[in-house]
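# can't give you the sequence, but here's the structure:
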Ligand SMILES: Nc1ncnc2c1ncn2[C@@H]1O[C@H](COP(=O)(O)OP(=O)(O)OP(=O)(O)O)[C@@H](O)[C@H]1O
């Protein structure tokens, strides 16, 4: 198969309404319009956006600043109801936040400063009714998976930004959610740490095969991490295309397919016809 074929833009998938989804789709986002009402304005963040996410996808929402990526993620998390359309997880309409959808943010201060690493990870398990022993065991197991076993009893202020992010990921994954939602989690990290964290996330995914929805405005990050990439148009966000990178090893940043896919997306977002084909 040619690289063009393997990297093809699957526009049919992008425009396919969610109703036509395989019944197995884990998440259905169906004609979702999201708006903010301020005293002076009505801001439309996304307009009639539809897509489906299958179990095990590493699904990336990519688009320019202000196209509604974070708002879409908030809505999947259950913090913001659509004004039009709906979102369903395992066939059930999303109405509020729940432990089946864990979220990791960019901010480093998402950990509780007065709790140790282990306590931070175990805390949500305990408040969701998991017995203390089991919660502590699960927390330690997940902390090990993000390579922080030596830091179990350390407080967050003693950790680097990247380490705090790993704790936040361990905390989210310890809940065994149906989907992990990540909103530009590495945007504030230096380039080397960011790359390391991206590799760690891929390693963790290889091991656990969880479903990931990842927001970024970095094309390279999207191609590196995503098996499917939804490209959104500028404000208000609408689906421009979906790119399926299943068929090549997108995590190999040195491959010609990687460069070609980045160029293709750049062409779509910035209208450069020379790189769009
Ligand atoms: N709380 C809010 N009140 C009013 N408007 C908002 C609010 N939050 C976001 N918006 C607006 O909604 C639109 C979408 O914002 P959103 O943060 O979802 O975009 P984004 O694609 O995630 O951008 P970025 O990449 O810069 O984070 C923008 O026009 C933004 O100004």
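Sure thing, it's come through. Because the structure is predicted, anything quoted here is derived from the model rather than measured.

# which residues make contact with the helix or strand containing residue 172 from outside it?
In this structure, residue 172 sits in helix 161-174 according to DSSP states H and E. Outside helix 161-174, the residues that touch it by C-beta atoms under 8 Å, 6 or more residues apart in numbering are 102-105, 108, 110-111, 117, 120-125, 138-139, 141-143, 145-148, 151, 156, 159, 180, 185-186, 188-189, 193, 196-197, 200-201, 204, 208, 210. From N, CA and C alone the C-beta is placed, and that goes for glycine too.

# Now for the closest residue to the ligand within the stretch 151-277 of the chain, how many residues are close by?
Relative to the ligand, the nearest point of the stretch 151-277 of the chain is residue 217 (4.6 Å; C-beta to the nearest ligand atom). Residues near residue 217, counting by other C-beta atoms under 10 Å, number 18.

# Need the three-state assignment for residue 263.
On the three-state scheme (DSSP: H, G, I helix; E, B strand; the rest coil), residue 263 is labelled helix.

# For residue 166, give its distance to residue 83.
According to C-beta to C-beta, to the nearest Å, residue 166 stands 36 Å off from residue 83.

# For those two, indicate the residue with more neighbours.
Counted by other C-beta under 10 Å, residue 166 and residue 83 do not tie: residue 166 has more neighbours, with 24 against 12.

# Close to the ligand: what parts of the protein are there?
Within reach of the ligand by C-beta under 6 Å from any ligand atom, the chain has these residues: 36, 38, 43, 45, 63, 65-71, 217, 235.

# got the contact list for residue 203?
By C-beta under 8 Å, 6+ apart, residue 203 lies in contact with nothing.

# would it count as being in a helix?
Yes - assessed with three-state DSSP, residue 203 lies in a helix.

# Centre of the chain to the edge, which residue is at the far end?
Most distant residue from the mean C-alpha position of the chain: residue 40, 31.6 Å away (C-alpha atoms, centre = their mean).

# Below-threshold pLDDT in the stretch 101-250 of the chain: ranges please.
108, 247-250 (pLDDT under 70).

# Now do the buried residues in stretch 146-164.
Within stretch 146-164, the residues scored as buried using 16 or more other C-beta atoms under 10 Å are 146, 148, 151-152, 155-156, 159, 162-164.

# coming back round to it: out of the residues of the chain next to the ligand, which comes closest to residue 244?
Nearest to residue 244 among the residues of the chain next to the ligand: residue 63, at 17.1 Å, using C-beta to C-beta.

# and the closest residue to the closest one other than its chain neighbours, how many neighbours does it have?
Of all residues not flanking residue 63 in the chain, residue 232 sits nearest, at 3.3 Å (C-beta to C-beta, 6 or more residues apart in numbering). Neighbour count of residue 232, defined by other C-beta under 10 Å: 24.

# Contacts only, for residue 232.
Going by C-beta under 8 Å, 6+ apart, the list of residues near residue 232 reads 46, 49, 61-64, 67-69, 238-240.

# can you put these in a markdown table and add secondary structure and distance to residue 267?
Shown next, in a markdown table, are the contacts of residue 232 (DSSP: H, G, I helix; E, B strand; the rest coil; distance: C-beta to C-beta, whole Å):
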| residue | secondary structure | distance to residue 267 |
| --- | --- | --- |
| 46 | strand | 23 |
| 49 | strand | 21 |
| 61 | strand | 19 |
| 62 | strand | 13 |
| 63 | coil | 14 |
| 64 | coil | 14 |
| 67 | coil | 17 |
| 68 | coil | 21 |
| 69 | helix | 20 |
| 238 | coil | 18 |
| 239 | strand | 17 |
| 240 | strand | 11 |
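
# next one: stretch 135-151 to chain centre, how far?
Its chain's C-alpha centre and that of stretch 135-151 lie 22 Å apart, by C-alpha atoms, centre = their mean, to the nearest Å.
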